[in-house]
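A.B. asks: A predicted structure for the sequence below; I have some questions about it.
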Amino acid sequence: MTFSKTLTSFLAVLACFACFPKANAQVQSKQQVETAVETLKQAMLKPDASILNKLSADELTYGHSSGKIESKKQFVETLVSGASVFKEINLKDQTIQTVGNTAVVRHILEAKTDDPGKGPADVKIGIVLTWVKVKGQWQLLARQAFKVS
């Protein structure tokens with residue numbers, strides 16, 4: 001084998017090994033985001049202000065399918081006060097895409113609600129979440145819901 005073929009083979013193997021840490025980091029990030037989404041879901045079912053505040057970026061914009069936009073403070077207060085009550089939440093067809101310290105999560109949310117004054121209802125909406133990693137912690141920066149058929 002000539003020197004150039006040996007060097008080419010060595011560089012090809014080296015390039016493969018250089019990709020492993022990046023791929024592993026992406027898998028870890030996706031798993032961390034998936035855990036954050038599940039933690040958020042549980043905190044919405046059993047509202048806990050400290051968990052909701054920890055999971056939410058200060059700049060959070062929480063968009064509803066009606067077009068209403070809430071701040072972090074409004075989002076947390078709506079759940080903790082009982083103005084919005086989730087009895088059950090199921091997430092379907094979830095995808096997670098990470099790019100550096102940002103993640104985009106898409107899923108269909110099917111839920112049973114029982115908001116005061118409205119009574120029990122079934123909800124099915126599409127959701128897009130934008131998460132950012134701040135000081136090693138994934139936080140929800142933006143949420144937008146949209147109507148699905």
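C.D. replies: That came in fine, so what should we check first?

A.B. asks: The helix or strand hosting residue 145 pairs with which strands, parallel or anti?
C.D. replies: Residue 145 belongs to strand 137-147 when assigned by DSSP states H and E. Strand 137-147 has its sheet partners listed here by DSSP bridges as strand 56-63 (parallel), strand 119-134 (antiparallel).

A.B. asks: contacting residues around the last one?
C.D. replies: Outside strand 119-134, the residues within contact range by CB atoms under 8 Å, 6 or more residues apart in numbering are 29, 33, 36-37, 57, 65, 87, 101-115, 138-148. Using the backbone N, CA and C atoms, a C-beta is placed for each residue, glycine as well.

A.B. asks: do the same with the shortest one
C.D. replies: The set of residues that contact strand 56-63 without belonging to it, under CB under 8 Å, 6+ apart, is 69-72, 74-76, 132, 134, 139-145.

A.B. asks: that's a helix at residue 83, yeah?
C.D. replies: No. Read with DSSP: H, G, I helix; E, B strand; the rest coil, residue 83 is coil and lies in no helix.
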